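Colleague: no sequence on this one, just coordinates:
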Ligand code: SF4
């Protein structure tokens, strides 16, 4: 029987990543200033390398930049960092995704209105660090219901999410907070692109024998896609490039599914599809 290789209906670059890369491209052509990004422009090492060759230099901290253009990536940054960049006289290209900006705005509003902000997300993720900088001191970052145990929850709680969180986790945490807070304001800031990719990935994973999830190993949304595909019991491989695919991964498998994180270019998806179609069953 001929093997089928199917790509999830929604996969690869999201609106925010595409927008950020377009903004960078615009500043790399026809300008003589040096262009820097705070951290890798997206969580995809191959794309970061491609942009490095075109003139975009990723830096670890603002201390390394004294002139030129500073690109803020789609995750956004801490507000103090943005202020410091302006103080240094850098030309700031703020490519923070509008959905992340919205989460930052809501976090600030909730704090100003006297709510204890709870961010459902990963504390170490740059997007969460950025959102956190707009919140009051009693803010909590929670990644699971268990994480709430022993934490002091104010009677007025405001909940929002890192844009790439899973809906299921968000709902569980909201439910747990509702049981202890007197008043609760909930903003579901999980972005549509994330939801659409997750739904399409889970659907496809349920219909195939093996799933390949393409994207940077440092990409939170790609890791989440792989986690969701695995949760349904489907054998799932998280890969960055087609070169990682070994024949034994698909040995005896007739139906193969592919999805990709929001930082994965279509060229990577096509290369994986081609490689899978070429391997003998
Ligand atoms: S995943 Fe959503 S929030 Fe994040 S950059 Fe893409 S569109 Fe924006």
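Modeller: Cool, the structure landed. The structure displayed is predicted, hence computed values, not measured ones.
Colleague: Can you show me the helices along the stretch 1-150 of the chain?
Modeller: Taking DSSP state H, counting those that start in this stretch as the test, the helices found in the stretch 1-150 of the chain are 15-28, 45-54, 79-87, 98-112, 126-132.
Colleague: hey, which of those is tucked in deepest?
Modeller: Ranked by mean neighbour count, the helices of the stretch 1-150 of the chain are led by helix 126-132 with a mean of 23 (mean count of other CB atoms under 10 Å). Backbone N, C-alpha and C define where each C-beta goes, glycine included.
Colleague: The residue in the stretch 1-150 of the chain that the ligand sits nearest to and residue 38, how far apart?
Modeller: Going by CB to the nearest ligand atom, the ligand is nearest to residue 16 of the stretch 1-150 of the chain, at 2.4 Å. Using CB to CB, to the nearest Å, residue 16 is found at 16 Å from residue 38.
Colleague: how many other residues sit next to residue 36?
Modeller: Per other CB atoms under 10 Å, the neighbour tally for residue 36 reads 21.
Colleague: just checking, it touches residue 60?
Modeller: No - judged on CB atoms under 8 Å, residue 36 makes no contact with residue 60 at a distance of 10.5 Å.
Colleague: Can you give me the distance of residue 279 to the ligand?
Modeller: Using CB to the nearest ligand atom, to the nearest Å, residue 279 is found at 31 Å from the ligand.
Colleague: How about the contacts made by that residue?
Modeller: Remark: with contacts taken as CB atoms under 8 Å, 6 or more residues apart in numbering, residue 279 is in contact with 245, 247, 250.
Colleague: Flag every residue of the stretch 101-250 of the chain that's near the ligand.
Modeller: Taking CB under 6 Å from any ligand atom, the part of the stretch 101-250 of the chain that reaches the ligand is made up of 163, 164, 191, 193, 194, 221.
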